[in-house]
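Asker: just to be clear, the model below is a prediction. Sequence and coordinates:
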Amino acid sequence: MADIFVGIDMGATHIRICLLDQKSQVILTDRQKTKDVLGENLLNGLTDFCQKYINEHNVKSIVIGLPAAISADRKNVLSVPNLNMEPQNFSDLVPYLSKKFNCEVYLERDVNLQMIYDVNFYKLQNKIALGVYLGTGLGFSIWLNGRLFLGTNGVAGELGHIPYGDKNLLCSCGNQACLETLCSGRALKHWYEEQQFEFAIEEIFTHQCNHPFIKDYLTNLAKAISTVVNLFDPHGLILGGGVMDMPDFPLESLKRLLANHIRKPLPYRNLTIFKAEPSLFNGAIGAALYASQHIGES
Ligand SMILES: [Zn+2]
């Protein structure tokens with residue numbers, strides 16, 4: 001039986017899997033609808049999902065990505081506002097899968113797994129890199145010289161929840177005035193729905209780049225990104241996420257706004273900006289890469 005590493009990326013709509021061999025080559029990727037996989041029972045649903053793909057292989061390690069805050073030991077979920085589940089639904093998951101497949105199992109914040117994929121793709125493993133992923137929320141990930149920076153409690157990098165949003169709006173995290181109230185896919189969708197445009201939301205940047213709301217939206221985003229670049233002095237800045245992947249997203253305008261606020265001459269002069277390549281399976285591949293890197297610690 002060949003040894004493999006398993007990465008799972010669990011989102012609200014789809015759950016994706018990637019298997020890597022010992023040389024970190026992708027053996028398989030696939031996806032199914034989350035509601036079909038989980039059914040009534042998370043533990044049984046995920047076990048059957050894994051079993052189907054793992055088949056004859058010998059599993060060395062499993063990493064499961066979630067849109068969630070994860071405990072410092074990467075074994076428990078602290079909060080999971082975007083999955084319509086409670087943290088306690090996940091409390092038996094790691095011991096259950098560990099026993100079932102006789103291997104180490106870790107949970108990880110989904111944005112960190114996208115970051116691991118991008119760090120590997122752009123060969124930034126031994127550098128300092130920051131990832132800003134503008135999706136439903138405003139995801140942020142910190143890569144410091146060979147590993148993720150997770151913080152004391154495992155919850156570092158909550159850029160979307162710094163208090164620079166609309167003071168009249170409640171954030172999904174429960175606090176008032178988080179940046180995500182202004183600067184997230186959720187905020188963009190909310191504005192779009194108020195406008196009653198006659199085009200689909202995917203065309204928002206094709207038609208409305210000069211609208212004051214979109215200009216402010218980009219300015220807020222640029223200020224947030226410039227702040228973290230000025231704080232961390234990274235080698236690389238990775239920009240991605242569903243909103244930045246929309247047609248005609250004004251990436252060059254965003255870069256010009258960044259140039260206004262990133263400190264000169266450094267870190268501005270030496271900063272390299274990378275665009276994260278959109279792919280259905282980046283998070284699952286990142287999870288499997290992380291699974292393969294955990295081996296030395298177990
Ligand atoms: Zn918040």
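Answerer: Arrived safely, thanks for sending. Numbering: from 1, shown residues only.

Asker: what parts of the protein come near the ion?
Answerer: 161, 171, 173, 175, 178 (CB under 5 Å from the ion). Heads up, the C-betas are built off the backbone N, CA and C, glycines and all.

Asker: nearest to Leu66, of those?
Answerer: Proximity of those to Leu66 (CB to CB) peaks at Cys173, which lies at 15.5 Å.

Asker: show me what contacts that closest one?
Answerer: Applying CB atoms under 8 Å, 6 or more residues apart in numbering to Cys173 gives the contacts 79, 81, 161, 180.

Asker: which residues in the protein form strands?
Answerer: Remark: strands assigned in the chain by DSSP state E are 3-10, 14-20, 26-33, 58-66, 69-70, 77-79, 104-109, 128-134, 138-144, 147-148, 236-240, 272-275.

Asker: now those in CSV, with mean neighbour count and mean pLDDT?
Answerer: Listed next are the strands of the chain as CSV, based on neighbours: other CB atoms under 10 Å; pLDDT from 0 to 100:
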stretch, mean neighbour count, mean pLDDT
strand 3-10, 27, 95
strand 14-20, 24, 96
strand 26-33, 15, 96
strand 58-66, 24, 95
strand 69-70, 22, 94
strand 77-79, 17, 93
strand 104-109, 23, 96
strand 128-134, 25, 98
strand 138-144, 24, 96
strand 147-148, 16, 94
strand 236-240, 22, 98
strand 272-275, 14, 98
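
Asker: out of those strands, nearest to Cys209?
Answerer: Proximity to Cys209 (CB to CB) singles out strand 128-134 among the strands of the chain, at 15.3 Å.

Asker: so which residues make contact with that closest one?
Answerer: For strand 128-134, the surrounding residues in contact (CB under 8 Å, 6+ apart) are 111, 114-115, 118-119, 122, 138-145, 159, 183-185, 221, 224-225, 228-229, 232-244, 276.

Asker: and the gap between the residue of the stretch 1-150 of the chain found nearest the ion and Asp110?
Answerer: With CB to the ion as the measure, Gly137 is the residue of the stretch 1-150 of the chain nearest to the ion, at 8.5 Å. Distance, Gly137 to Asp110, by CB to CB, to the nearest Å: 10 Å.

Asker: what is in contact with these two at once?
Answerer: Going by CB under 8 Å, 6+ apart, residues that sit against Gly137 and also against Asp110 are Pro67.

Asker: pLDDT score assigned to the spatially closest residue to Asp245 that is not a sequence neighbour?
Answerer: Nearest non-adjacent residue to Asp245, counting by CB to CB, 6 or more residues apart in numbering: Pro278, 4.3 Å away. Predicted confidence (pLDDT) for Pro278: 86.

Asker: quick one: neighbours of Pro278, just the number.
Answerer: By the criterion of other CB atoms under 10 Å, Pro278 has 12 neighbours.

Asker: same deal with Thr136?
Answerer: By other CB under 10 Å, 22 other residues sit near Thr136.

Asker: any idea what the residue lying closest to Ile238 once chain neighbours are set aside is bridged to?
Answerer: Spatially, and ignoring its direct neighbours in sequence, Ile238 is nearest to Gly131 (4.2 Å; CB to CB, 6+ apart). For Gly131, the beta-bridge partners under DSSP bridges are Ser141, Ile238.

Asker: can you put the strands of the chain in a markdown table and add distance to Phe199?
Answerer: Output for the strands of the chain, formatted as a markdown table (distance: least, CB to CB, whole Å):
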| stretch | distance to Phe199 |
| --- | --- |
| strand 3-10 | 30 |
| strand 14-20 | 26 |
| strand 26-33 | 28 |
| strand 58-66 | 33 |
| strand 69-70 | 36 |
| strand 77-79 | 35 |
| strand 104-109 | 33 |
| strand 128-134 | 20 |
| strand 138-144 | 24 |
| strand 147-148 | 39 |
| strand 236-240 | 24 |
| strand 272-275 | 24 |
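
Asker: low pLDDT regions in the protein?
Answerer: Applying pLDDT under 70 to the chain flags residues 294-298.

Asker: quick one, helices of it?
Answerer: Listed in chain order, the helices found in the chain under DSSP state H are 34-38, 42-54, 93-101, 110-121, 185-195, 204-208, 212-232, 251-261, 282-293.
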